[in-house]
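Enquirer: 3D, please:
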Amino acid sequence: MENTPINIYLAPDVDTTGFPDALSENFSMSVDYRIESSWICYLMLKNEGFLVQICREYPKQGILLIHKAFRKKFIWNPDLCVVSMQWDYKRDDRGQIHLVSNEYKTKTSALGWLDRITFPALQYFVQLPMHPVLIPRNPKRGNRFEVVAFIGAEKNLDVVFRINAFKEKVLQLGMKFIIVDDPAKMTDYSEIDVVLAVRKIGEQVSHKPAQKLINAWRAGVPSLLGCEVGYRELKHSNLDYLEVDSDLDVLAALKRLREDVEFRNAMIENGLRKAKSYTIGEVQRMWAELFRNTIISAYGEWMNRPLLYRLGFLTVRKVRNFLRVALSFIWHRVLRIAPKL
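Expert: I've put the predicted structure just below:
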């Protein structure tokens, strides 16, 4: 099975000459996540003995693994099985298989109407490729509880937490709030005591992964998180994380964690235990299992379909792609309705 050719697409302008060739403690990569995740996938599958290579153009046959964010022309090739790393992006009409950001997104009920009435394709959840090296909280900080951090693009944090009024309230608790949006620093938790991540107050988010929670576990840092399906799928108790849905919730949670050191340490210890299921070795095993047991057989089933079926599938996908672009233009450009973050 490992002899099935797997190609991972990277754009022609991406220079990989200086990229690490192993997922080791020396792994260093702070680039666009669509590039980093594709490269990590390449190394993971290579480590597992798959016949995998990086490609700059669409191959003529086999399996093509491509990040949804890499926008390129539609693929008119019935001999190619496209695995779209869709994650939290919108549907990729190029893909026969979609890798999504959480278990909920694998359900038919999570699809839009346009996808339900046409070929819906296969949807699987597998843990997102993650940076193998993460600098945990410095143990020398002891029981200090002073730094609250949001790690990620600032636009993905509710505006309530970006204004000075909130930062001043945090200061009144004897703490400071920082936003870490530099990709080169997003894996460094050494001086962080608690993570805050609320995408949108009053709105349940269903399309995002639980990466911020998993990284907080790995770093030995408690977290205050918004109402997101991805987080809730991993939650078994308040020791996993505290869910917050307003600035008052956050301030109350910070006060509790500051005063209840025993509970805070229990959250940290619980997170470190949970993190053992998300080492780079475990994630690599998940990916290998998905390819061996599911994707390679799905490729075989695709190729065993009559040519007329495969061409019909691609034709419907092309029409759907056109409709999606047209509807998006009307929705966002004509009606001026802003897309969700």
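Enquirer: which residues touch the longest helix belonging to the chain?
Expert: Taking DSSP state H as the assignment, the helix of the chain that covers the most residues is helix 307-329. Contacts to helix 307-329, defined as CB atoms under 8 Å, 6 or more residues apart in numbering, come from residues 74-78, 90-91, 93-94, 96, 114-115, 118-119, 302, 305. Backbone N, C-alpha and C define where each C-beta goes, glycine included.
Enquirer: Stretch 266-282: which residues count as buried?
Expert: By neighbour count on 16 or more other CB atoms under 10 Å, the buried set for stretch 266-282 is 267-268, 270-271, 274-275, 278, 280.
Enquirer: Looking at these, spot the one nearest I66.
Expert: Minimum distance to I66 across the buried residues of stretch 266-282 is 22.0 Å, recorded for I280 (CB to CB).
Enquirer: who touches the closest one in this structure?
Expert: Counting by CB under 8 Å, 6+ apart, I280 touches 23, 44, 130, 132.
Enquirer: so of the residues you listed, which ones are in helices?
Expert: Filtering the contacts of I280 for membership in helices, criterion DSSP H, returns M44.
Enquirer: Quick one: list the elements packing against the strand or helix carrying L213.
Expert: Here L213 sits within helix 211-219, counting by DSSP states H and E. Under the contact definition 3 or more CB pairs under 8 Å, 6 or more residues apart in numbering; DSSP states H and E, helix 211-219 sits against strand 194-197, strand 223-225, helix 261-275.
Enquirer: How about residues contacting stretch 66-76?
Expert: 8-11, 34, 37-38, 58, 64, 82-87, 89-90, 92-95, 314, 317-318, 321.
Enquirer: and the angle from the top strand by length along the chain to helix 211-219?
Expert: Using DSSP state E to define each element, the chain has its longest strand at strand 80-87. Inter-element angle recorded for strand 80-87 and helix 211-219: 70 degrees (by axes from the mean of the first three to the mean of the last three CA atoms, to 10 degrees).
Enquirer: ok so, going back, what's the most distant pair in the contacts of helix 307-329?
Expert: By the measure CB to CB, K90 and R305 form the most distant pair in these, at 25.8 Å.
Enquirer: out of the contacts of helix 307-329, who's nearest C227?
Expert: Each of the contacts of helix 307-329 was scored against C227 by CB to CB, and K90 proved nearest at 21.0 Å.
Enquirer: How is that closest one assigned, secondary-structure-wise?
Expert: coil (DSSP: H, G, I helix; E, B strand; the rest coil).
Enquirer: do the one 3 residues further on as well
Expert: Using three-state DSSP, the three-state assignment for D93 comes out as coil.
Enquirer: Please name the residues that touch it.
Expert: Counted by CB under 8 Å, 6+ apart, D93 has contacts 74, 317-318, 320-321, 324.
Enquirer: likewise G220?
Expert: So G220 contacts 136-137, 189, 268, 271-272 (CB under 8 Å, 6+ apart).
Enquirer: per-residue pLDDT, S101?
Expert: pLDDT for S101: 95.
Enquirer: So it is in contact with K212, correct?
Expert: No: S101 is beyond contact range of K212, at 12.0 Å (criterion: CB atoms under 8 Å).
Enquirer: Could you list the residues in contact with the worst-scoring helix or strand of the chain on mean pLDDT?
Expert: The least trusted helix or strand in the chain, going by mean pLDDT, DSSP states H and E, turns out to be helix 113-116, with a mean of 72. Helix 113-116 has contacts (CB under 8 Å, 6+ apart) with 91, 108, 320, 323-324, 327.
Enquirer: With just CA atoms, put it into PDB.
Expert: What follows is helix 113-116 as a C-alpha-only set of coordinates in PDB (Å, rounded to 0.1, in the frame of the first residue of the first chain):
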ATOM      1  CA  TRP A 113     -27.000  23.000   0.900                       C
ATOM      2  CA  LEU A 114     -24.900  23.300  -2.300                       C
ATOM      3  CA  ASP A 115     -22.700  20.400  -1.100                       C
ATOM      4  CA  ARG A 116     -25.600  18.200   0.000                       C
END
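Enquirer: Going by neighbour count, list what's buried in that helix.
Expert: Neighbour-count burial for helix 113-116, counted by 16+ other CB under 10 Å, picks out D115.
Enquirer: Check the offset of that helix from the chain's centre.
Expert: Mean-position distance between helix 113-116 and its chain equals 23 Å (CA atoms, centre = their mean, to the nearest Å).
Enquirer: Strand partners (parallel or antiparallel) of the next helix or strand after it?
Expert: The helix or strand immediately downstream of helix 113-116 is strand 122-125, counting by DSSP H and E. Here strand 122-125 is paired, per DSSP bridges, with strand 97-100 (parallel).
Enquirer: In the strand it pairs with, which residues are buried?
Expert: Applying 16+ other CB under 10 Å to strand 97-100 flags 97-100 as buried.
Enquirer: what's the answer for stretch 8-17, then?
Expert: Applying a neighbour-count criterion of 16+ other CB under 10 Å, one finds 8-10, 14 buried in stretch 8-17.
Enquirer: likewise stretch 14-33?
Expert: Neighbour counts over stretch 14-33 (16+ other CB under 10 Å) mark 14, 19-20, 23, 27, 29, 33 as buried.
Enquirer: need those in TSV with secondary structure and pLDDT, can you?
Expert: Output for the buried residues of stretch 14-33, formatted as TSV (DSSP: H, G, I helix; E, B strand; the rest coil; pLDDT from 0 to 100):
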residue	secondary structure	pLDDT
V14	coil	92
F19	coil	93
P20	coil	93
L23	coil	93
F27	coil	88
M29	coil	84
Y33	helix	87
